[in-house]
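Asker: Okay, sequence plus prediction incoming.
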Amino acid sequence: QVQPVESGGGLVQAGGSLRLSCAGSARTLSTYAVGWFRQAPGKEREFVAAISWSKDITYYADSVKGRFTISGDNAKKTVFLQMNSLKPEDTAVYYCAARTGISRSTSDYRYWGQGTQVTVSS
């Protein structure tokens, strides 16, 4: 069964950094694309970044481009989201999700993790 699991969230001051991890089975990361999404209170879940199953194609939301980096390590069965220069507006629950092809659309993803909270203080 495909079941992504997120970790690495926490509280950080504005301008700081965090690295989120999305762990899965070997099948998850070697044959599935992985996306990161976030949902702030009272807002809809939104796309953050995605990486293809081959780990050589990446997509980013405009709001995080240049600050966040998505990467994957199939040998370690993990996808990372390095978040630098964090802003208070980045505060949200961050979710990783898996599907067979890379996509920016929330509705395209079938397998979701439980989420990890990221809080950026001003």
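Answerer: Everything's here; your move.
Asker: ok, residue 16 touching residue 120?
Answerer: Yes: with contacts defined as C-beta atoms under 8 Å, residue 16 counts as touching residue 120 at a distance of 7.4 Å. Bear in mind the C-beta positions are built from the backbone N, C-alpha and C, glycine included.
Asker: Overlap of the contact sets of those two?
Answerer: Residues within reach of residue 16 and of residue 120 at once, by C-beta atoms under 8 Å, 6 or more residues apart in numbering, are residue 86.
Asker: how long is stretch 112-122 from one end to the other?
Answerer: 30 Å (C-alpha to C-alpha, to the nearest Å).
Asker: quick one: residue 50 from residue 84, how far?
Answerer: Residue 50 sits at a distance of 18 Å from residue 84 (criterion: C-beta to C-beta, to the nearest Å).
Asker: ok, these two, which is more surrounded?
Answerer: Between residue 50 and residue 84, counted using other C-beta atoms under 10 Å, the more crowded position is residue 50 (27 against 14).
Asker: Indicate each strand paired with the helix or strand hosting that one and its parallel or antiparallel sense.
Answerer: Residue 50 is part of strand 46-51, with elements assigned from DSSP states H and E. On the basis of DSSP bridges, the sheet neighbours of strand 46-51 come out as strand 33-39 (antiparallel), strand 58-60 (antiparallel).
Asker: out of those, nearest to residue 75?
Answerer: Counting by C-beta to C-beta, residue 75 lies closest to strand 33-39 out of the strands paired with strand 46-51; the figure is 15.0 Å.
Asker: So for that closest one, what gets flagged as buried?
Answerer: By neighbour count on 16 or more other C-beta atoms under 10 Å, the buried set for strand 33-39 is 33, 34, 35, 36, 37, 38.
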